[in-house]
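Undergrad: need the 3D shape of this:
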Amino acid sequence: MKRNRRNARILSMQVLYAFYQQSDAVLDDVRNNTILLNENEETDFPFFNKLLSQTVGNKDDIDDMIKKRSRNWDFDRITLLDKIILRQSIAELLYLDDVPPRVTISEAIELSKEFSTDESHVFVNGMLDRTYKDLVSEGVLIPEIRTDD
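TA: Got it, this is the predicted structure:
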(Lines give C-alpha, C1' and ligand atoms only; values in the text may rest on other atoms or scores of the structure.)
Protein backbone atom coordinates (compact mmCIF):
# COMPACT_ATOMS: atom_id res chain seq x y z
CA MET A 1 0.00 0.00 0.00
CA LYS A 2 1.39 3.40 -0.98
CA ARG A 3 2.15 5.72 1.91
CA ASN A 4 0.15 8.89 1.53
CA ARG A 5 1.58 12.36 2.09
CA ARG A 6 -1.86 13.98 2.12
CA ASN A 7 -2.69 11.88 5.18
CA ALA A 8 0.61 13.01 6.70
CA ARG A 9 -0.25 16.66 6.04
CA ILE A 10 -3.70 16.24 7.60
CA LEU A 11 -2.29 14.48 10.64
CA SER A 12 0.39 17.15 11.02
CA MET A 13 -2.25 19.87 10.80
CA GLN A 14 -4.33 18.13 13.48
CA VAL A 15 -1.36 17.66 15.80
CA LEU A 16 -0.27 21.28 15.31
CA TYR A 17 -3.80 22.49 16.06
CA ALA A 18 -3.80 20.55 19.34
CA PHE A 19 -0.24 21.70 20.07
CA TYR A 20 -1.06 25.40 19.66
CA GLN A 21 -4.22 24.97 21.75
CA GLN A 22 -2.56 23.05 24.57
CA SER A 23 1.20 22.66 24.96
CA ASP A 24 4.39 20.79 24.22
CA ALA A 25 2.85 17.75 25.91
CA VAL A 26 0.87 17.12 22.72
CA LEU A 27 4.06 16.60 20.72
CA ASP A 28 5.43 14.29 23.38
CA ASP A 29 2.19 12.30 23.37
CA VAL A 30 2.32 11.92 19.60
CA ARG A 31 5.96 10.85 19.63
CA ASN A 32 5.33 8.38 22.45
CA ASN A 33 2.43 6.80 20.56
CA THR A 34 4.24 6.09 17.31
CA ILE A 35 3.28 2.41 17.50
CA LEU A 36 -0.39 3.36 17.31
CA LEU A 37 0.30 5.88 14.56
CA ASN A 38 2.29 3.39 12.48
CA GLU A 39 -0.71 1.06 12.31
CA ASN A 40 -2.09 3.40 9.66
CA GLU A 41 -0.02 2.20 6.72
CA GLU A 42 -1.54 4.79 4.42
CA THR A 43 0.35 7.67 6.06
CA ASP A 44 3.92 8.58 5.17
CA PHE A 45 5.27 8.85 8.72
CA PRO A 46 8.84 9.88 7.89
CA PHE A 47 7.34 12.78 5.92
CA PHE A 48 4.90 13.53 8.78
CA ASN A 49 7.71 13.60 11.36
CA LYS A 50 9.93 15.86 9.28
CA LEU A 51 7.05 18.20 8.40
CA LEU A 52 5.96 18.46 12.03
CA SER A 53 9.51 19.00 13.32
CA GLN A 54 10.37 21.63 10.72
CA THR A 55 7.10 23.48 11.24
CA VAL A 56 7.46 23.64 15.02
CA GLY A 57 11.22 24.21 14.99
CA ASN A 58 11.07 27.12 12.55
CA LYS A 59 7.78 28.70 13.69
CA ASP A 60 9.20 32.13 14.52
CA ASP A 61 11.02 32.52 11.19
CA ILE A 62 8.00 31.24 9.28
CA ASP A 63 5.66 33.58 11.17
CA ASP A 64 7.94 36.48 10.24
CA MET A 65 7.62 35.45 6.60
CA ILE A 66 3.83 35.33 6.89
CA LYS A 67 3.68 38.73 8.64
CA LYS A 68 5.89 40.28 5.96
CA ARG A 69 3.57 39.09 3.20
CA SER A 70 0.17 39.54 4.85
CA ARG A 71 -0.38 43.07 3.62
CA ASN A 72 -3.62 44.62 4.81
CA TRP A 73 -4.18 41.71 7.17
CA ASP A 74 -3.31 41.72 10.86
CA PHE A 75 -1.45 38.50 11.74
CA ASP A 76 -3.53 38.06 14.89
CA ARG A 77 -6.71 38.05 12.80
CA ILE A 78 -5.59 35.11 10.66
CA THR A 79 -7.43 32.01 11.85
CA LEU A 80 -5.33 29.46 13.69
CA LEU A 81 -6.06 26.81 11.08
CA ASP A 82 -4.95 29.09 8.25
CA LYS A 83 -1.76 29.92 10.16
CA ILE A 84 -1.10 26.20 10.62
CA ILE A 85 -1.67 25.46 6.94
CA LEU A 86 0.61 28.36 5.97
CA ARG A 87 3.28 27.39 8.52
CA GLN A 88 3.47 23.76 7.49
CA SER A 89 3.35 24.63 3.78
CA ILE A 90 6.17 27.17 4.09
CA ALA A 91 8.15 24.62 6.11
CA GLU A 92 7.53 22.11 3.34
CA LEU A 93 8.69 24.61 0.69
CA LEU A 94 11.85 25.44 2.62
CA TYR A 95 12.90 22.18 4.26
CA LEU A 96 11.35 19.24 2.37
CA ASP A 97 13.04 19.55 -0.98
CA ASP A 98 11.60 16.40 -2.53
CA VAL A 99 8.16 17.99 -2.98
CA PRO A 100 7.59 20.29 -5.98
CA PRO A 101 6.39 23.73 -4.85
CA ARG A 102 3.22 23.56 -6.95
CA VAL A 103 2.29 20.31 -5.18
CA THR A 104 2.87 21.92 -1.78
CA ILE A 105 0.73 24.93 -2.71
CA SER A 106 -2.00 22.78 -4.28
CA GLU A 107 -2.16 20.56 -1.19
CA ALA A 108 -2.41 23.62 1.08
CA ILE A 109 -5.29 24.98 -0.98
CA GLU A 110 -7.10 21.64 -0.75
CA LEU A 111 -6.56 21.45 3.02
CA SER A 112 -7.93 24.96 3.45
CA LYS A 113 -10.98 24.13 1.32
CA GLU A 114 -11.67 20.99 3.33
CA PHE A 115 -10.90 22.16 6.87
CA SER A 116 -11.05 25.95 7.06
CA THR A 117 -13.43 28.78 6.14
CA ASP A 118 -15.10 29.24 2.76
CA GLU A 119 -12.64 31.93 1.65
CA SER A 120 -9.48 30.51 3.24
CA HIS A 121 -8.30 28.80 0.08
CA VAL A 122 -8.10 32.16 -1.72
CA PHE A 123 -6.06 33.67 1.13
CA VAL A 124 -3.78 30.62 1.46
CA ASN A 125 -3.22 30.48 -2.30
CA GLY A 126 -2.30 34.17 -2.46
CA MET A 127 0.01 34.00 0.53
CA LEU A 128 1.85 30.89 -0.65
CA ASP A 129 2.12 32.11 -4.23
CA ARG A 130 3.61 35.41 -3.00
CA THR A 131 5.92 33.57 -0.59
CA TYR A 132 7.13 31.18 -3.28
CA LYS A 133 7.83 34.00 -5.76
CA ASP A 134 9.67 36.00 -3.08
CA LEU A 135 11.78 33.00 -2.08
CA VAL A 136 12.72 32.42 -5.72
CA SER A 137 13.61 36.09 -6.27
CA GLU A 138 15.67 36.06 -3.03
CA GLY A 139 17.57 33.00 -4.27
CA VAL A 140 16.34 30.82 -1.40
CA LEU A 141 14.46 28.48 -3.75
CA ILE A 142 15.29 27.44 -7.28
CA PRO A 143 12.39 28.15 -9.63
CA GLU A 144 10.36 25.11 -10.52
CA ILE A 145 10.61 24.10 -14.16
CA ARG A 146 7.14 23.37 -15.42
CA THR A 147 6.61 20.84 -18.13
CA ASP A 148 3.06 21.12 -19.41
CA ASP A 149 2.46 18.18 -21.72
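
Undergrad: any low-confidence regions in the chain?
TA: 1-3, 23-41, 146-149 (pLDDT under 70).

Undergrad: which residue is nearest the middle of it?
TA: The chain has Q88 as the residue nearest its centroid, 2.1 Å off, counting by Cα atoms, centre = their mean.

Undergrad: who touches the helix or strand hosting that one?
TA: Element membership for Q88 (DSSP states H and E) is helix 80-95. Helix 80-95 is touched from outside by 9, 12-13, 16-17, 20-21, 50-52, 54-55, 58-59, 62-63, 65-66, 78, 99, 101, 104-105, 107-108, 111-112, 115-117, 120, 123-124, 127-128, 131-132, 135, 140-141, with contacts defined as Cβ atoms under 8 Å, 6 or more residues apart in numbering. Quick note: C-beta positions are derived from backbone N, CA and C, even for glycine.

Undergrad: please indicate which of those are buried?
TA: 9, 12-13, 16-17, 20, 50-52, 54-55, 58, 62, 65-66, 78, 101, 104-105, 107-108, 111-112, 115-116, 120, 123-124, 127-128, 131-132, 135, 141 (16 or more other Cβ atoms under 10 Å).

Undergrad: in helices only, show me these.
TA: Among the buried ones among the contacts of helix 80-95, DSSP state H puts 9, 12-13, 16-17, 20, 50-52, 54-55, 62, 65-66, 101, 104-105, 107-108, 111-112, 115, 120, 123-124, 127-128, 131-132, 135 in helices.
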